[in-house]
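Participant: sequence? don't have it. structure:
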């Protein structure tokens, strides 16, 4: 296998290192804007050098972002090259474009590192689907948010202090919007659910609430009642439709979710015969991510492409009702069931309704109660 | 694929059910001692009917125990049939006989359901080994012991009450020795470690301490200090040799191990590049176990056999030193570091030494401290 590696940042360098000693694959080209010299690969700033090299059979996309990643990946597929990407934004956003095209072209596409970093999550979903129906997927999939919430809960840091630590550690970007507003978690939910259920979810109906508004006072209220707050995603079958959402959620101390430390992920599936299975591991980082990129390359050598066939567009209803913790905003008193030292706990509210209310009250912080 | 199914107990019936609707495999024969009539399979009490049927390409061993399971499996391999088994005692005990024979005969052997029930643990070890070195494996692999310890810790049941519940629920046998003395955990450790490291561990040097002697007073002391006791196994590289042992171990509340509920398992690997990965799921039960048996059959259809090549015999040293909680027996005062309301906490003691002492003091209960 001769690889064209797009990008030489954290993940790209990891892939270059891990493939180095392997006899079965070789990085032939590296696409990199800054000057760079490598002993075993040619370096270019022109993607066409890679696209037009007929000896390159596999493109590893490690530049991130939507553009030009989308254009490069589409061109590679059209040129008959197989593609590995760790880019959840790309796969989630252009699922309906990428999947049909790879099937049409008969090329292989994999993205195992895009959800759960070093965890073999998407490849395990593929294995599960050989035998049974997946009923539900979800969990903690953003290491930055988990680090922040864990530091606020166990070390009583303020949101700002915890965020600054994740940035100092290199987990969060200078602009943490994608992480703390739940967008990264939303992308990972879409990729996971589409593969788990073999469908294409209507992403316009999947809401995401993040953790940007959480304060020490919220965490103190949760702790006093034996709860730990985590940002989770979830998708579940509901007849022919689905529930799918991203939101902060409270877990009683003593359940696995409540213990997930630092920047770890905990992702769960519920299978129709195997039951609940959860996967705990490092959701990001150079080597864990590069590890699953190389796993995808090995799967190409075994002829394995995408995890499922492109499935039908399906509806997302989110009409299941949950109770929520609400602090801030203008939550109606007649729909309040409890008062937690000045914050409201609602009566059961349909998920879609609560997220609509949150859009109109963006200064509020909400968290679902276990239910 | 035409299957000869040995045994029609909990797992055998599950396999029969799950394969029923599949077009790619069919249970042709069921070996069963009691009278039985099935719509889609012939039933026999004579194994030779299956062995001598040339249309049967795969034998699923679901009778358990060492004999005649060993003789049936060896005969099947020698007859060129592929074998799936969920029998950890069989694979652990006869590893040095089974592995070389399957390699010699060119037949396929898999045993994914033998460790972790419905968790794809052994198959994930196989995947991990494509890229990296496994440094360590271990965790909670016996659902009965976890149920007992969880009930004693969270519901303050006595050992006898908790054991009776596991028997009423069908988790434990009438004679619970294999579970509570750590033998089942020991078998699962051997299978996991041999596959993870690609070796054959010297099983005579792997000690197992169980939970038979634990009392409510022990649990109360642990709880008062923020610890939860779990029966774990562990194997780790130590230069060219290995540590490998089974023993009760204390975990601080707030780590994932401490939260594992009921009869669940939590199994962990540490990979050289992917880092720590843990797997939580149902470690036993009809459908989870049958699920992984059928997964192995699907792997046969894809030409996949055992998880690794038969590896060299390696030494187990267990000379790492840990601190232990010790209640009962004659532990020397000069090697005691702390007193926990009448029980001793030792200074660091090499693992092999502590287990030797325990053999001489079988009325004592020990648990390793985190360390």
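Facilitator: Structure's in. What do you need? No experiment lies behind these values; they were computed from the predicted model shown. Numbers count the residues shown, from 1 in each chain, chains lettered A, B, ... in the order given.

Participant: for residue A:212, phi and psi?
Facilitator: When quoted as degrees, to the nearest 10, the phi and psi of residue A:212 stand at phi -60, psi -30.

Participant: How much space separates it from residue A:371?
Facilitator: Distance, residue A:212 to residue A:371, using CB to CB, to the nearest Å: 24 Å. C-betas here are computed from N, CA, C, even on glycine.

Participant: Just confirm residue A:18 is within a helix.
Facilitator: Yes. Secondary structure of residue A:18 (DSSP: H, G, I helix; E, B strand; the rest coil): part of a helix.

Participant: What is the neighbour count of the closest residue to chain B within the stretch 51-200 of chain A?
Facilitator: Here the residue of the stretch 51-200 of chain A nearest chain B is residue A:118; by CB to the nearest CB that distance is 3.8 Å. Neighbours of residue A:118 under the rule other CB atoms under 10 Å in any protein chain shown: 28.

Participant: tell me the SS of it?
Facilitator: Assigned by three-state DSSP, the conformation of residue A:118 is coil.

Participant: Now it. Its backbone dihedrals?
Facilitator: phi -90, psi 0.

Participant: Tell me which stretches of the stretch 251-371 of chain A form helices.
Facilitator: A:256-259, A:286-301, A:351-360 (DSSP state H, counting those that start in this stretch).

Participant: Turn the ones you listed into CSV, columns for distance to chain B and mean pLDDT.
Facilitator: Listed next are these as CSV, based on distance: least, CB to the nearest CB, whole Å; pLDDT from 0 to 100:
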stretch, distance to chain B, mean pLDDT
helix A:256-259, 5, 96
helix A:286-301, 4, 97
helix A:351-360, 26, 98
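
Participant: Among the ones you listed, which comes closest to residue B:148?
Facilitator: helix A:256-259 (19.3 Å; CB to CB).

Participant: Compare residue A:212 and residue A:371 (neighbour count), which wins?
Facilitator: Remark: of residue A:212 and residue A:371, residue A:212 carries more neighbours, 17 against 11, as counted by other CB under 10 Å.

Participant: pretty sure that one contacts residue A:179?
Facilitator: No. Counting by CB atoms under 8 Å, residue A:212 does not reach residue A:179; the two are 9.6 Å apart.

Participant: so residue A:237, which of the three states?
Facilitator: Going by three-state DSSP: residue A:237 is strand.

Participant: now it, nearest residue through space, not along the chain?
Facilitator: Distances taken as CB to CB, 6 or more residues apart in numbering or on different chains put residue A:135 closest to residue A:237, at 5.7 Å, once the chain neighbours are dropped.

Participant: Which residues are in contact with the most centrally placed residue in chain A?
Facilitator: Closest to where the C-alpha atoms of chain A average out (CA atoms, centre = their mean) is residue A:188, at 2.5 Å. Applying CB atoms under 8 Å, 6 or more residues apart in numbering or on different chains, we find residue A:188 in contact with A:88, A:92, A:114-116, A:141-142, A:233.

Participant: would you say it is within a strand?
Facilitator: No. Going by three-state DSSP, the assignment for residue A:188 is helix, not a strand.

Participant: Name the residues of the stretch 1-150 of chain A found near chain B, please.
Facilitator: Those residues of the stretch 1-150 of chain A that sit near chain B, judged by CB under 8 Å from any CB of the partner chain, are A:18, A:118-120, A:123-124, A:127-128, A:130-132.

Participant: Now for those: which two are most distant?
Facilitator: Longest span within these, CB to CB: A:18 and A:132, 32.3 Å.

Participant: Show me which of those two is the more surrounded one.
Facilitator: Each of residue A:18 and residue A:132 has its neighbours counted (other CB under 10 Å); residue A:18 has more, 22 against 19.

Participant: isn't the more buried one right up against residue A:292?
Facilitator: No. Between residue A:18 and residue A:292 there is no contact under CB under 8 Å: 10.3 Å.

Participant: what residues are shared contacts of those two?
Facilitator: Counting by CB under 8 Å, 6+ apart, nothing touches both residue A:18 and residue A:292.

Participant: Write out the residues of the stretch 251-371 of chain A neighbouring chain B.
Facilitator: Within the stretch 251-371 of chain A, the positions adjacent to chain B are A:253-256, A:258-261, A:266, A:271, A:273-282, A:285, A:287-288, A:290-292, A:294-295, A:298 by CB under 8 Å from any CB.

Participant: from the residues you listed, which would you call buried?
Facilitator: A:253-254, A:256, A:258-260, A:266, A:271, A:273-282, A:285, A:287-288, A:290-292, A:294-295, A:298 (16 or more other CB atoms under 10 Å in any protein chain shown).

Participant: if we can go back for a sec, how about the residue of the stretch 51-200 of chain A closest to chain B, what does it touch?
Facilitator: Applying CB under 8 Å, 6+ apart to residue A:118 gives the contacts A:281-283, A:285, A:287-289, A:291-292, B:271, B:273-275, B:277.

Participant: So which of those residues is the closest to residue A:238?
Facilitator: For the contacts of residue A:118, the nearest to residue A:238 is residue A:283 (27.1 Å; CB to CB).

Participant: which residues in the stretch 251-371 of chain A form strands?
Facilitator: A:264-271, A:275-282, A:313-314, A:321-322, A:324-327, A:336-340, A:343-346, A:349-350, A:365-368 (DSSP state E, counting those that start in this stretch).

Participant: follow-up on the earlier one: the contacts of residue A:188 into TSV, with extra columns for secondary structure and pLDDT?
Facilitator: Below are the contacts of residue A:188 laid out as TSV (DSSP: H, G, I helix; E, B strand; the rest coil; pLDDT from 0 to 100):
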residue	secondary structure	pLDDT
A:88	helix	97
A:92	helix	98
A:114	helix	97
A:115	coil	97
A:116	coil	96
A:141	coil	98
A:142	coil	97
A:233	strand	98
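
Participant: and whichever strand or helix holds residue A:232, what does it pack onto?
Facilitator: Counting by DSSP states H and E, the element that carries residue A:232 is strand A:227-238. Judged by 3 or more CB pairs under 8 Å, 6 or more residues apart in numbering or on different chains; DSSP states H and E, the packing partners of strand A:227-238 are strand A:134-140, helix A:143-154, helix A:183-197, helix A:216-224, strand A:241-252, helix A:256-259.
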